[in-house]
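*Asks:* need a 3D model of the following:
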Amino acid sequence: MEQTVPVLQIEELSGGYSLGKPVLHDINFEVGAGEMVGLIGLNGAGKSTTMKHILGLMTPHKGAVVVNGKTKNEEPHSYQSSLAFVPESPLLYEELTVREHLEFTARAYGVEPEAYRERSERLLDLFHMKEKADSLSIHLSKGMKQKVMIMSAFIARPPLYIIDEPFLGLDPLGIRSLLDFMMEMKMGGASILLSSHILSTIENYCDRFIVLHRGAVIAQGTLNEIAQQAGLPGESLENIFYALVKGGV
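*Replies:* Numbering: from 1, shown residues only. Predicted coordinates for the structure are as follows:
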């Protein structure tokens with residue numbers, strides 16, 4: 001039987017901001033096609049550093065990050081076009097409108113005009129941003145700016161989404177819209193690596209979880225599997241996470 005190559009593979013990854021002081025220590029995990037994986041950890045655990053390595057913003061000291069079977073060094077253009085990123089803090093061009101941000105992203109990813117029109121109208125409707133479509137981003141609230149970042153990521157259809165704390169600034173309706181849309185993308189075969197501190201929200205959406213603590217993976221698997229690893233079968237993700245990290249805080 002033919003084995004499917006994971007969309008994202010992290011292999012023995014060590015890295016950080018200076019060569020002598022790695023933040024990450026021999027990290028191993030993968031994200032398969034049509035899978036949503038939660039990356040969870042305390043502040044300073046290494047989640048953002050892991051994401052920066054995946055995005056190609058940092059070079060590993062050791063190990064490799066492989067997307068669709070290729071590293072960034074092997075095929076830089078193919079690697080970058082295979083992923084989209086939603087950062088924790090919105091980063092927009094102040095003098096572009098909401099719609100212009102979507103158009104800019106669509107062109108960068110080579111989205112066909114007809115597909116762009118269909119996707120943009122759907123996203124503007126889903127995130128209740130139609131009335132703001134022609135507003136400059138400088139005039140948007142933080143929550144609305146976050147919605148623009150999210151819509152820009154989803155206007156493309158790369159195989160892998162890297163999403164960092166996307167719920168900050170979103171109202172309850174925005175959170176539900178995002179979760180529902182991520183599930184729709186997942187059902188269509190997209191892979192999602194999602195980092196969030198709101199464990200009760202992601203507990204029922206992620207297929208698996210990676211628990212990162214002090215730069216190392218201390219547990220990973222389905223909710224049931226990490227519950228077994230923590231010795232807490234049947235417990236909530238919050239309780240499991242607390243039990244796993246409290247001894248090493």
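
*Asks:* how far off centre is the helix ranked longest in the chain?
*Replies:* Secondary structure of the chain per DSSP state H: the longest helix is helix 172-187. In terms of Cα atoms, centre = their mean, to the nearest Å, the centre of helix 172-187 is found 13 Å from the chain centre.

*Asks:* and the contacts of the helix or strand that it is followed by?
*Replies:* Next along the chain after helix 172-187, taking DSSP states H and E as the criterion, comes strand 191-195. For strand 191-195, contacts defined as Cβ atoms under 8 Å, 6 or more residues apart in numbering pick out 7-8, 31-40, 47-48, 51, 54, 159-166, 182, 185-186, 202, 206. Just so you know, the C-beta spots here come from the backbone N, C-alpha and C atoms, and that holds for glycine as well.

*Asks:* from those, which ones fall inside strands?
*Replies:* Counted as lying in strands by DSSP state E, out of the contacts of strand 191-195, are 8, 31, 36, 37, 38, 39, 40, 160, 161, 162, 163, 164.

*Asks:* surely the first one and residue 66 touch.
*Replies:* Yes. The pair formed by residue 8 and residue 66 meets the contact definition of Cβ atoms under 8 Å, at 7.3 Å.

*Asks:* and the two most separated of the ones in strands among the contacts of strand 191-195?
*Replies:* Farthest-apart pair in those is 40 and 160; separation 18.5 Å (Cβ to Cβ).

*Asks:* who's more crowded, those two?
*Replies:* Applying other Cβ atoms under 10 Å to residue 40 and residue 160 shows that residue 40 carries more neighbours, namely 28 against 20.

*Asks:* what's the distance between that one and residue 128?
*Replies:* Computed as Cβ to Cβ, to the nearest Å, the residue 40 to residue 128 distance reads 29 Å.

*Asks:* what of residue 42?
*Replies:* For residue 42, the distance to residue 128 (Cβ to Cβ) stands at 33 Å.

*Asks:* domain ranges for the chain, per the record?
*Replies:* The record's domain parsing of the chain by automatic domain parsing lists 1-82+159-249, 91-157.

*Asks:* dump those domains into a markdown table; add mean pLDDT as well.
*Replies:* What follows is the domains of the chain, written out as a markdown table (pLDDT from 0 to 100):
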| stretch | mean pLDDT |
| --- | --- |
| domain 1-82+159-249 | 92 |
| domain 91-157 | 95 |
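
*Asks:* on that earlier part again, filter the contacts of strand 191-195 down to the buried ones, ChimeraX style.
*Replies:* Here is the ChimeraX selection string for the buried members of these, based on 16 or more other Cβ atoms under 10 Å:
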select :7,8,31,33,34,35,36,37,38,39,40,47,48,51,54,159,160,161,162,163,164,165,166,182,185,186,202,206
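
*Asks:* quick one, strands of this structure?
*Replies:* For the chain, strands defined by DSSP E occupy the ranges 8-15, 24-31, 36-40, 62-67, 83-86, 160-164, 191-195, 208-213, 216-221.

*Asks:* so which of those strands is nearest residue 134?
*Replies:* Among the strands of the chain, strand 83-86 comes nearest to residue 134, with 22.6 Å by Cβ to Cβ.

*Asks:* which other helices and strands does that closest one contact?
*Replies:* On a contact count with 3 or more Cβ pairs under 8 Å, 6 or more residues apart in numbering; DSSP states H and E, strand 83-86 meets helix 47-55, helix 142-155, strand 160-164.

*Asks:* and the contacts of it?
*Replies:* So strand 83-86 is in contact with 51, 54-55, 67, 109, 149-150, 153-154, 156, 158-164, 166, going by Cβ under 8 Å, 6+ apart.
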